[in-house]
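[1] Here's my sequence, what's the structure:
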Amino acid sequence: NEMTPRDIAQATWAIGKLRIKQAGIVCSLAYRAKDMAARLNTVEITNCLWGLCKVEFNDKEVITMLARGMLSTYTTPKDAATTMYAMGVLSVRNKYIFAQLSALMIDQIDKANAQSIANTLWAHRMVGITPPTQLLDRWAHEKLGLVGLHSIYTK
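    The predicted structure follows:
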């Protein structure tokens, strides 16, 4: 019986939730997720990345491959933020992925919440990438009515 993408995502999320760090289990799920990356949807990818960061699985190739999957289909700001958060926890620095996911969040700023913005800014700091000033500025302007926290806001 082959595991489905949903099975892999749920199992990987569960090992993270339960903090199961046995290498055999973690590696098996991580490499299975990597092999299935093209079949995983964004929620499944996010669940895999979240679970893997919680058990401190740090194979940068696996994490990067999964994160790249977030760029090929519709992604919510929450899922983009969770992806960057996982990359930040694991110190996986990829300017291209961070730039693309940040741009996606800026484009959907009306759907971003404070936790997503905070996680994104924190992740940028953890990997040493300067976040786009537009991210916080647009969110603060549209959600809080504040103008120009870090730059001049223009629509």
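[2] which element is the closest residue to residue 63 other than its chain neighbours on?
    Closest residue in space to residue 63, ignoring its immediate chain neighbours: residue 92 at 4.7 Å, by C-beta to C-beta, 6 or more residues apart in numbering. All C-beta spots, glycine's among them, are computed from the backbone N, C-alpha and C. Under the assignment given by DSSP states H and E, residue 92 is not contained in any helix or strand.
[3] Next, find the distance separating residue 71 from residue 79.
    According to C-beta to C-beta, to the nearest Å, residue 71 and residue 79 sit 11 Å apart.
[4] Please apply the same query to residue 12.
    For residue 12, the distance to residue 79 - C-beta to C-beta - is 15 Å.
[5] between those two, which one's more packed in?
    Under the criterion of other C-beta atoms under 10 Å, the comparison of residue 12 against residue 79 puts residue 12 first, with 28 against 23.
[6] can you pull the contacts of the more buried one?
    29, 30, 33, 47, 48, 51, 52 (C-beta atoms under 8 Å, 6 or more residues apart in numbering).
[7] was I right about the residue nearest to residue 63 contacting residue 127?
    Yes: using C-beta atoms under 8 Å, residue 92 makes contact with residue 127 at a distance of 7.0 Å.
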